[in-house]
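Novice: A structural model of the following input is requested.
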Amino acid sequence: MKLYIVRHGQTGYNIDNKVCGISDVELTSLGKQQAKMASEQLKDISLDMIFASPLQRAHETAKIINENHQLEIKIDSRVQEINFGQFEGVINNKEFQYYKQNHALHYPGGESLFQVVHRVYSFLEELENKYPDKNILVVCHGGIVRVIHSYFHDMTNEELMTWLPENCCIQSYEK
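Specialist: This next block holds a predicted model:
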């Protein structure tokens, strides 16, 4: 299995340094341009399947990338961003960072990172079992990209919380 992972294009929350988990925000015009550039980078890759988060910013990015492939986009909520609960839409702050560094803590009204790891790893294990010889694109979110990276590479807690590819950066993994 060869996986291509793309973080969605830029949103207004990215610009404003706002916490964005399950908040359903749209791409900016730059975000749409980033998705088009990712589409160009992936156009010569023979993709068999595309999966996307149900959140608008990821689904719209997937649709733009898919213009060169014309595949069915399969929506899977397991690659939806973490639910940050009461921190959704607030400016990134010290209290948020406290929860972010403590992976077993639930964000008040939201999820813990451990819960997210469980759902993302189950998604990846399912892909490995069902589609071992496929080229698969997954369009998702920064937190999910981190968790996917940790599935394939050992990371310290600090690396997990600080490593973050740019919007529409393409990561690839093989299993």
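Novice: how far off centre is the longest helix seen in the chain?
Specialist: Taking DSSP state H as the assignment, the helix of the chain that covers the most residues is helix 113-130. Relative to its parent chain, helix 113-130 has a centroid offset of 13 Å by C-alpha atoms, centre = their mean, to the nearest Å.
Novice: contacts for that helix?
Specialist: Surrounding helix 113-130, the residues in contact under the criterion C-beta atoms under 8 Å, 6 or more residues apart in numbering are 1, 3, 76, 78-79, 82, 100, 103-104, 106, 134, 136, 143-144, 147-148, 150-151, 175. Bear in mind the C-beta positions are built from the backbone N, C-alpha and C, glycine included.
Novice: now the helices for this structure?
Specialist: Counting by DSSP H, the chain has these helices, from start to end: 12-16, 29-42, 56-66, 94-101, 113-130, 142-152, 157-162.
Novice: now those helices as JSON lines including mean neighbour count, mean pLDDT and distance to residue 50?
Specialist: Putting the helices of the chain into JSON lines (neighbours: other C-beta atoms under 10 Å; pLDDT from 0 to 100; distance: least, C-beta to C-beta, whole Å) gives the following:
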{"stretch": "helix 12-16", "mean neighbour count": "15", "mean pLDDT": "97", "distance to residue 50": "22"}
{"stretch": "helix 29-42", "mean neighbour count": "18", "mean pLDDT": "98", "distance to residue 50": "10"}
{"stretch": "helix 56-66", "mean neighbour count": "23", "mean pLDDT": "98", "distance to residue 50": "6"}
{"stretch": "helix 94-101", "mean neighbour count": "13", "mean pLDDT": "94", "distance to residue 50": "29"}
{"stretch": "helix 113-130", "mean neighbour count": "16", "mean pLDDT": "98", "distance to residue 50": "12"}
{"stretch": "helix 142-152", "mean neighbour count": "21", "mean pLDDT": "97", "distance to residue 50": "15"}
{"stretch": "helix 157-162", "mean neighbour count": "13", "mean pLDDT": "90", "distance to residue 50": "26"}
